[in-house]
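> Dropping the sequence and predicted coords here.
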Amino acid sequence: MTDVRTAHTADLTGAELAAIRALLDDAFEGDFSDDDWDHTMGGVHALVLDAGELIGHGSLVQRRMLHEGRSLRTGYVEGVAVRADRRRRGHGAAVMDALERVLRGAYELGALSASDGAVPFYTARGWQPWRGPSAVVAPTGIERTEEDDGGVYVLPVTAKIDPDAELACDWRPGDVW
C-alpha cells in the first residue's frame, strides 16, 4: 500500500531530504547536479511512500515567466522520479496528481522541462509543448535558449498564453529550464 504525502521543503526532515537526494541521484544515473538539487528546494514536494520507504518524488517551485509583456506566477515542476524497480505502476502519476492539485490552486501557469522519454507521460496529462522560442531573463537581459526549444511544456491554469510567442524564465544557476 502506497501513500502520497505533500510537504513544503521546510517541513521535511534531514533524513527525508537525504532520501530524496539519493532517489534523484539514482534515478538520473549520476546526472543530477547540486544546482539541480537546489532547483527542487523551496517549494512543495510530493512523496510517494511504500511502507514508509520513499519510492517517488517531485516538487513544485515558484518561478516567474515573462510572456507577451506579463510576468506570470508559475509553478515549475522539478525532480520527478520513481525508483527504477517501481516504475510503470502509477507512482509517477500519483506524484503529478499531487503537484497539479497545488498548481491549479496557486499558480497562473505550470511549466517544466521534459526529457524525450517523459514527453508521452506529460502530454497524456494535458501538458502542452511550448512551440515558441524559449529564453531566460539573464543578468544582462533577455537571452535566447535555443537548446531548450522543444523541451519546455506548459499547463495553463488561468493565464492566457500564445504558445507560439516567446516564453522567458527567470535566471538561476545551472540549467535555467
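Thanks, I have the structure now.
> Check this structure and tell me which residue is nearest its centre.
Nearest residue to the geometric centre of the chain (CA atoms, centre = their mean): Val77, 1.4 Å.
> Look at it and report its pLDDT.
Val77 is assigned 98 on the pLDDT scale.
> Spatially, what comes nearest to it if we skip its sequence neighbours?
Excluding its sequence neighbours, the residue lying closest to Val77 (CB to CB, 6 or more residues apart in numbering) is Leu112, at 3.9 Å. For the C-beta atoms, the positions are set from N, CA and C on the backbone; glycine is no exception.
> Over to Gly110?
Spatially, and ignoring its direct neighbours in sequence, Gly110 is nearest to Leu155 (3.5 Å; CB to CB, 6+ apart).
> in the host helix or strand of the one you found, what counts as buried?
Applying DSSP states H and E as the criterion places Leu155 in strand 152-156. Within strand 152-156, the residues scored as buried using 16 or more other CB atoms under 10 Å are 152-156.
> and after that strand, which helix or strand comes next?
As assigned by DSSP H and E, the chain's next helix or strand after strand 152-156 is strand 167-170.
> same for that next one, what does it pack against?
Strand 167-170 is packed against strand 53-67, strand 134-138, with contacts defined by 3 or more CB pairs under 8 Å, 6 or more residues apart in numbering; DSSP states H and E.
> Off-centre distance for that strand?
Mean C-alpha position of strand 167-170 versus that of the full chain (CA atoms, centre = their mean, to the nearest Å) differs by 14 Å.
> residues making contact with that strand?
Strand 167-170 is contacted from outside by 63-67, 76, 111, 130, 132-137, 142, 152, 154, 161, 176-177, using CB atoms under 8 Å, 6 or more residues apart in numbering.
> surely Asp164 meets Gly132?
Yes: using CB atoms under 8 Å as the test, Asp164 is close enough to Gly132 to be in contact (4.7 Å).
> Mind listing the shared neighbours of these two?
What both Asp164 and Gly132 touch, as defined by CB under 8 Å, 6+ apart, is an empty set.
> and the nearest residue to His8 once chain neighbours are set aside, what is it in contact with?
Nearest residue to His8, sequence neighbours excluded (CB to CB, 6+ apart): Val44, at 5.8 Å. By CB under 8 Å, 6+ apart, the contact list for Val44 reads 6-8, 59-60, 99, 102.
> which among those end up buried?
Of these, these count as buried by 16+ other CB under 10 Å: 6, 59-60, 99, 102.
> could those be laid out in TSV, adding distance to Asp36?
Formatted as TSV, the buried ones among the contacts of Val44 follow (distance: CB to CB, whole Å):
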residue	distance to Asp36
Thr6	21
Ser59	11
Leu60	15
Leu99	17
Val102	21
